[in-house]
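need a 3D model of the following:
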Amino acid sequence: MPPIGANPEERTMPIDPDLTAEVHQLMPYAALIGLEVERFDAAEVRCRVAWAPERCTSGEILHGGLRMGIADSVGAMVAVRNLPADATGTTTVGSSTSFLHGVPSGAVHAVARPVHAGRTTIVAETELRDDAGRLVAKVTQTQLVLR
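Prediction:
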């Protein structure tokens, strides 16, 4: 499988305003961080967050906590699309983040895909890339299936 988001055309998908509004209503944190939704299905969730000075740490680099929040949100979204029929929701129980580069401008493009979708847990892998396609963070998270 090719690296997630490595193809430039994949980073220029249009924002879906209806999906973005739906996600913002269901997950208020997504609205707070400026998450914009491009794709939201069981195979893949694609979102992006634009660089803004209020989202930065020193040196005008997007804050690592923001990048973790993006990945956790997008990973949870793909988990929700993969819930078993009798589930009521999901919650993160484990997450591993590797930061590879800072983001001093542009946007962060997040792509999450399910690695495992079971009855009790769902594992998602999320890659964050900058506008040039450079991998800036990789996150693997485990979501507990709630009943």
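
before we move on, what SS does the residue sitting nearest the centre point of the chain have?
Nearest to the geometric centre of the chain sits residue 74, at 2.8 Å (C-alpha atoms, centre = their mean). At residue 74 the chain is in helix, as set by DSSP: H, G, I helix; E, B strand; the rest coil.

report pLDDT for it.
On pLDDT, residue 74 comes in at 98.

and stretch 35-49, how far from the chain's centre?
7 Å (C-alpha atoms, centre = their mean, to the nearest Å).

next, the buried residues of that stretch.
The neighbour-count criterion (16 or more other C-beta atoms under 10 Å) identifies 35-40, 44-49 as the buried residues of stretch 35-49. Just so you know, the C-beta spots here come from the backbone N, C-alpha and C atoms, and that holds for glycine as well.

out of those, who's nearest residue 28?
residue 35 (10.7 Å; C-beta to C-beta).

before we move on, back to that, in CSV, list the buried residues of stretch 35-49 along with distance to residue 96.
Below are the buried residues of stretch 35-49 laid out as CSV (distance: C-beta to C-beta, whole Å):
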residue, distance to residue 96
35, 21
36, 25
37, 24
38, 25
39, 24
40, 23
44, 20
45, 18
46, 21
47, 20
48, 22
49, 20
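
what's the most distant pair in the residues you listed?
Longest distance between any two of these is 17.2 Å, between 44 and 49; criterion C-beta to C-beta.

which non-adjacent residue is nearest the residue located most distally from the centre of the chain?
Distance to the chain centre peaks in the chain at residue 86, reaching 24.5 Å (criterion: C-alpha atoms, centre = their mean). Leaving out its chain neighbours, the residue that sits closest to residue 86 by C-beta to C-beta, 6 or more residues apart in numbering is residue 147, at 6.2 Å.

where's that neighbour relative to residue 119, distance?
With distances taken as C-beta to C-beta, to the nearest Å, residue 147 is found 9 Å from residue 119.
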